[in-house]
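Enquirer: I need the structure of the sequence given here:
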Amino acid sequence: TESRDGAQLARILFRYLQPAFGPDSPVPSTIRSPEQACALSGSTDAEQLAAAAALAAQVNANVVVYGTIQTQASGTQFDPRFYVRYEGFEEAPELTGPQRLGAPIYVSLPITPEDYQGVADHQLGIRMKVLSSVILGLASYAQNNYAQAIGYFDAAEKTPGWLNGTGKEVIYVLLGNAYSRRASQELAAAYLKPALANYDKALALAPESARATLGKASVLYQLALGDLKSLAIDQISSDQLDESERLY
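Expert: Numbering: from 1, shown residues only. Model (predicted):
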């Protein structure tokens, strides 16, 4: 049944994620097994997201990894989804909104652990490596450790085999946000150039991305101010202010 396949796939995903959250991880964290959670109800995206939010509140989790298995004419797909519960954490929509991290993955039914050994687990393995780095980066970001967050997001972006067109614009937005926040935190304009470059990469992949556009507008505003350590009216760039306003 689908529920049996879902439980089996959940155990396989847990096996992939578990090594990244061990005692040697620089970000204190605990990962719960599928047996410590439950199957989520709901027939729509909104209902499933609400069920994930309720589970997060029940078990005091910051991130819930879930998904759906759907059989279509083209084959059976697993659609990985995420719920992020950080109070005041505006980056959560990067994983939970319509720009969810990555496209669905084709799977074979019935699902058995043997199917995901070696070459056969390529797509799933790539996605889980990306997800591990992203979750650790989000945790670092929430702790205002932007340097560490950049390291994790950068590791996710460089995951071998992760192709453009499978949600990669999300990681560029996260990198842009982290660089922008680090510039504000350290009053160091040097971090604004990589922030801008990452937003441009996101927009190259997803030109209609509102969050990438807003991020770029924010960085242009920061750049317009000039030296962040010695703000002065005579160093403000009106051209960059105009461009920032246009994007907003």
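
Enquirer: which residues of this structure fall in helices?
Expert: For the chain, the helices defined by DSSP state H cover 2-17, 45-59, 93-96, 122-142, 146-157, 168-186, 192-205, 210-224, 238-247.

Enquirer: where's Leu13 relative to Val219, distance?
Expert: 35 Å (C-beta to C-beta, to the nearest Å). All C-beta spots, glycine's among them, are computed from the backbone N, C-alpha and C.

Enquirer: how far away is the residue nearest to Ser132 when sequence neighbours are not counted from Ile31?
Expert: Nearest residue to Ser132, sequence neighbours excluded (C-beta to C-beta, 6 or more residues apart in numbering): Ala20, at 3.7 Å. Using C-beta to C-beta, Ala20 is found at 8 Å from Ile31.

Enquirer: now do Ser209
Expert: From Ser209 to Ile31 the distance is 30 Å (C-beta to C-beta).

Enquirer: again with Leu9
Expert: Taken as C-beta to C-beta, the span from Leu9 to Ile31 is 16 Å.

Enquirer: is it true that Ala224 touches Ser237?
Expert: Yes. If you go by C-beta atoms under 8 Å, Ala224 and Ser237 touch, sitting 4.5 Å apart.

Enquirer: Mind checking which of those two has more residues around it?
Expert: For Ala224 versus Ser237, neighbours defined as other C-beta atoms under 10 Å are more numerous around Ala224 (18 against 14).

Enquirer: if I pick that one, what's in contact with it?
Expert: Neighbouring residues of Ala224 by C-beta atoms under 8 Å, 6 or more residues apart in numbering: Ile236, Ser237, Ser238, Asp239, Gln240, Leu241, Ser244.

Enquirer: Which of these sits closest to Val170?
Expert: The closest of the contacts of Ala224 to Val170 turns out to be Ser244 (C-beta to C-beta; 22.8 Å).

Enquirer: contacting residues around that closest one?
Expert: Ala217, Ser218, Leu220, Tyr221, Ala224.

Enquirer: For it, report the pLDDT, please.
Expert: Looking at Ser244, its pLDDT is 91.

Enquirer: Could you report the pLDDT at Asp121?
Expert: In this model, Asp121 carries a pLDDT of 50.

Enquirer: who has more neighbours, Leu9 and Ile31?
Expert: Leu9 (22 against 18).

Enquirer: does the more buried one really touch Tyr66, like I thought?
Expert: No. Using C-beta under 8 Å as the test, Leu9 is too far from Tyr66 to be in contact (10.6 Å).

Enquirer: which residues are common contacts for the two?
Expert: Going by C-beta under 8 Å, 6+ apart, no residue sits against Leu9 while also sitting against Tyr66.

Enquirer: For Gly125, give its distance to Ala37.
Expert: Counting by C-beta to C-beta, the gap from Gly125 to Ala37 is 22 Å.

Enquirer: Neighbour count: those two, which is higher?
Expert: Between Gly125 and Ala37, counting by other C-beta under 10 Å, Ala37 is the more crowded of the two (19 against 16).

Enquirer: contacting residues for the more buried one?
Expert: By C-beta under 8 Å, 6+ apart, the contact list for Ala37 reads Leu55, Val59, Val64.

Enquirer: hmm, 7 Å instead?
Expert: By C-beta atoms under 7 Å, 6 or more residues apart in numbering, the contact list for Ala37 reads Leu55, Val59.
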